[in-house]
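Peer 1: Sharing a model that was predicted from the sequence below.
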Amino acid sequence: MKAVAADFDLLGVADPYCSELQRAPDGHKSQDYLPGVKSVISLGVQVIDSMLQTTPSGIYSKHYDTLNQKLNAGAYEVTRRLGKQGYRSMAFPETDNYQILWDQYKKGNTTFVPSFNHMAVAVAAGLGRMGACGVVLTPEYGPRQRWVSVITSAALPFYSQLKQEICLKKKGEACDKCAQACVINAISDRGTDVRKCWIRWTDLRDRGMACGLCIKACPVGRDEKSS
């Protein structure tokens, strides 16, 4: 499996029927998309910290787009190779189209339901834990990675979920850097207001920029030598 997914920085495999993934709404579970699914593969690529440090900027926006292209192309390649080995497989795009998000909000939804929850898969596959800023933190990169998922009929060995917290705030330490960095106050003890976040995100993207202030501020997983 590692040879098939060699272009990724992070790799894990989850049980599609584990409680973490069965929390997804009907129509969004692995078995809803692929009857007979046996494994869910989580794949991640690192966000380069030196480029993230320019956020909000056009530089980070282009880097973000490059990561998305790499994720989609890599997930396609994993799916294609599994298919050549006789396994039915399906890759999900790294992000749904923005219009899908806004259509959900127009219907009165207060949260965003993605086609497939890549962050839930990353947690279920033992790659990280949810942080206070509403994204997955990993020991390697903190919140600085992006995710994609592949479901397959191949029976692969499952990875054990991480038991220890990674987020400093969730460990009980006095860290509130992500919340302090958010200029729209979308992060609080109640969680992250995804609607506020996406309104700002859409405004910046319309101007050729992207925001990553919360993950820029997080001290977890930062290695200055490799950033």
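Peer 2: Perfect, I can see it now. Residues are numbered from 1 along each chain as shown.

Peer 1: Name the residues of stretch 201-209 that are buried.
Peer 2: Neighbour counts using 16 or more other C-beta atoms under 10 Å place 201, 204-205, 209 of stretch 201-209 among the buried residues. For glycine as for every other residue, the C-beta is placed from the backbone atoms N, C-alpha and C.

Peer 1: out of these, who's nearest residue 69?
Peer 2: Top of the list for closeness to residue 69, among those and by C-beta to C-beta, is residue 205 at 15.6 Å.

Peer 1: And that closest one, which helix or strand is it part of?
Peer 2: helix 194-206 (DSSP states H and E).

Peer 1: Which other helices and strands does that helix contact?
Peer 2: helix 98-106 (3 or more C-beta pairs under 8 Å, 6 or more residues apart in numbering; DSSP states H and E).

Peer 1: The helix or strand that comes right after the helix it packs on packs against which elements?
Peer 2: Downstream of helix 98-106, the first helix or strand assigned by DSSP H and E is helix 118-124. Under the contact criterion of 3+ C-beta pairs under 8 Å, 6+ apart, helix 118-124 touches strand 10-14, helix 19-22, strand 39-46, strand 129-130, strand 136-137, strand 145-152.

Peer 1: Only alpha carbons, please: show the helix or strand of the chain with the lowest mean pLDDT as CSV.
Peer 2: One helix or strand of the chain scores below all others by mean pLDDT, DSSP states H and E: helix 98-106, with a mean of 78. The C-alpha trace of helix 98-106 is given here as CSV (Å, rounded to 0.1, in the frame of the first residue of the first chain):
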residue,chain,number,x,y,z
TYR,A,98,-18.4,26.0,-3.0
GLN,A,99,-21.9,26.2,-4.5
ILE,A,100,-22.8,23.0,-2.7
LEU,A,101,-21.9,24.6,0.6
TRP,A,102,-24.0,27.7,-0.1
ASP,A,103,-26.9,25.6,-1.2
GLN,A,104,-26.9,23.8,2.1
TYR,A,105,-26.8,27.1,4.0
LYS,A,106,-29.7,28.5,1.9
